[in-house]
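Chemist: Need coordinates for the below:
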Amino acid sequence: MRIKQVIKNLLNNAFKFTEKGKIEISFFIKNENCLQFSVKDTGIGIKKEHTNIIFIRFRKVEENVFQNYQGAGLGLTISKKIIELLGGKMWLTSEINKGSTFYFTIPI
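Modeler: Next up, the predicted model:
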């Protein structure tokens, strides 16, 4: 149930920040003890210097471009905490105007 919640949060963000292009979700067995999931989009992306604040609750990137997007800034914080409570890890890669990929692992 919690993994479903995390995937839903990541997909909601991908849809919110991707006006055109594509969104991909995937998973694979990383090793005998771990699954790795990813949600990749071709949306607006996040500057490298901002990637460390997006997992902080109530924090958003404070640029004019992001002011048009609604949300309390809790989805990623909650998702990361859920994954950590399940014994996993969450991280991202992103490039401005090319999109973002959010990853998480969970033990099997």
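
Chemist: switch to C-alpha atoms for all contacts and neighbour counts from now on
Modeler: Will do.

Chemist: May I ask you to name the longest helix in the protein?
Modeler: Counting by DSSP state H, the longest helix found in the chain is helix 2-17.

Chemist: roughly how far out does whichever helix or strand comes after that one sit from the chain middle?
Modeler: Scanning forward in sequence from helix 2-17 by DSSP states H and E, the next helix or strand is strand 23-31. Strand 23-31 has its C-alpha centroid displaced from the chain centroid by 14 Å (C-alpha atoms, centre = their mean, to the nearest Å).

Chemist: Show me the contact partners of strand 23-31.
Modeler: With C-alpha atoms under 8 Å, 6 or more residues apart in numbering as the test, strand 23-31 has contacts from 14-15, 35-42.

Chemist: Buried residues of it, list them for me.
Modeler: Residues of strand 23-31 classed as buried by neighbour count (16 or more other C-alpha atoms under 10 Å): Ile23.

Chemist: For the residue of the chain positioned farthest from its centre, list the residues it contacts.
Modeler: The outermost residue of the chain, judged against the average C-alpha position, is Glu32 (24.3 Å), by C-alpha atoms, centre = their mean. With contact taken as C-alpha under 8 Å, 6+ apart, Glu32 is in contact with Ile108.
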